[in-house]
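Enquirer: What follows is a protein structure lacking sequence information:
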Ligand code: GLP
């Protein structure tokens, strides 16, 4: 994994948007894997500006988001579908039918997960996967565990993730305890991966700099990806 240190969050967001923009320009029908969380917000803002300036055209782009909380529907302001509409999708010209976010309200969760994997395969896989990283090293909602979980599945969120994400909810009790998340294999199958980490992730980034690879730190698998870059903002 190539780690690029940048001085602040603004630079992180500008570089990340430039990498995604280059992908869209080189391959207008790219399949993008997208992430939620506060870290990519600045990146999405820059992409929206580039679209408004006429630099980018999203009309042939397809997107797959990493995850969604179980029980939260598309209209729920705490859900990731809503987040993506609010930060990116409402402002650019991605055809609505090309937007994919796991359905947190699916009655048959196993079917939803298997179908999500099939959709990614039918789209010929992900060209560029954007990732954030949790303080405990999770990617998507692939939490620390004894094994790496490969495919899209329902996951139990750890206490530390609920604690970290409660800031978006009225209280920790309101944070769903489960989510649908793509798996490690799904993420590792992307042809290119771009990981964003702000200064609040200094501790986990330090761990990731060593060459250990353990399912206890899911992001550590990224060492084995042939084309993975992390942008770390030292003073974000
Ligand atoms: C959530 C998301 C992750 C994201 C993480 C970090 O848990 N499921 O995909 O990477 O938050 O979020 P933040 O960027 O807000 O620290």
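Expert: On my side now, so go ahead. Just so we're clear, the structure is a prediction, and the values are computed from it rather than from any experiment.
Enquirer: tell me which residues of stretch 214-224 are tucked away?
Expert: Buried residues in stretch 214-224, defined by neighbour count with 16 or more other Cβ atoms under 10 Å: 215, 217-222. Yep, even glycine has a C-beta here, placed from its N, CA and C like the rest.
Enquirer: Same question for stretch 226-236.
Expert: 228-233, 236.
Enquirer: Could you look up the SS state of residue 33?
Expert: Following DSSP: H, G, I helix; E, B strand; the rest coil, residue 33 is assigned to strand.
Enquirer: element containing the residue lying closest to it once chain neighbours are set aside?
Expert: Of all residues not flanking residue 33 in the chain, residue 129 sits nearest, at 3.5 Å (Cβ to Cβ, 6 or more residues apart in numbering). When elements are assigned from DSSP states H and E, residue 129 belongs to strand 128-131.
Enquirer: where does the protein have low pLDDT?
Expert: Filtered on pLDDT under 70, the chain yields the residue ranges 236.
Enquirer: need the residues of it near the ligand, please.
Expert: Within the chain, the positions adjacent to the ligand are 35-39, 66-67, 132-134, 140-141, 161, 165 by Cβ under 6 Å from any ligand atom.
Enquirer: Narrow those residues to those in helices?
Expert: Judged by DSSP state H, the residues of the chain next to the ligand include 161, 165 as members of helices.
Enquirer: Now list the buried members of the residues of the chain next to the ligand.
Expert: By 16+ other Cβ under 10 Å, the residues of the chain next to the ligand give 35-37, 39, 66-67, 132-134, 140-141, 161, 165 as buried.
Enquirer: ok, which stretches of the protein are strands?
Expert: 2-6, 31-34, 62-65, 67-69, 99-100, 128-131, 153-156, 178-181, 192-197, 228-233 (DSSP state E).
Enquirer: Can you add distance to residue 47 and give those back as a markdown table?
Expert: Putting those into a markdown table (distance: least, Cβ to Cβ, whole Å) gives the following:
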| stretch | distance to residue 47 |
| --- | --- |
| strand 2-6 | 18 |
| strand 31-34 | 10 |
| strand 62-65 | 11 |
| strand 67-69 | 20 |
| strand 99-100 | 14 |
| strand 128-131 | 10 |
| strand 153-156 | 28 |
| strand 178-181 | 23 |
| strand 192-197 | 13 |
| strand 228-233 | 15 |
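Enquirer: who's in contact with the closest residue in space to residue 193 that isn't next to it in sequence?
Expert: Nearest non-adjacent residue to residue 193, counting by Cβ to Cβ, 6+ apart: residue 228, 4.1 Å away. Counting by Cβ atoms under 8 Å, 6 or more residues apart in numbering, residue 228 touches 1-2, 192-195, 222.
Enquirer: Of the residues you listed, just the buried ones, PyMOL syntax please.
Expert: A single PyMOL command is used to select the members of the contacts of residue 228 judged buried by 16+ other Cβ under 10 Å:
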select buried, resi 1+192+193+194+195+222
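Enquirer: Include distance to residue 102 when you put the contacts of residue 228 into TSV, please.
Expert: Listed next are the contacts of residue 228 as TSV, based on distance: Cβ to Cβ, whole Å:
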residue	distance to residue 102
1	26
2	29
192	22
193	19
194	21
195	20
222	21
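Enquirer: which one among the contacts of residue 228 gets closest to the ligand?
Expert: residue 195 (8.9 Å; Cβ to the nearest ligand atom).
Enquirer: Done for today, thanks.
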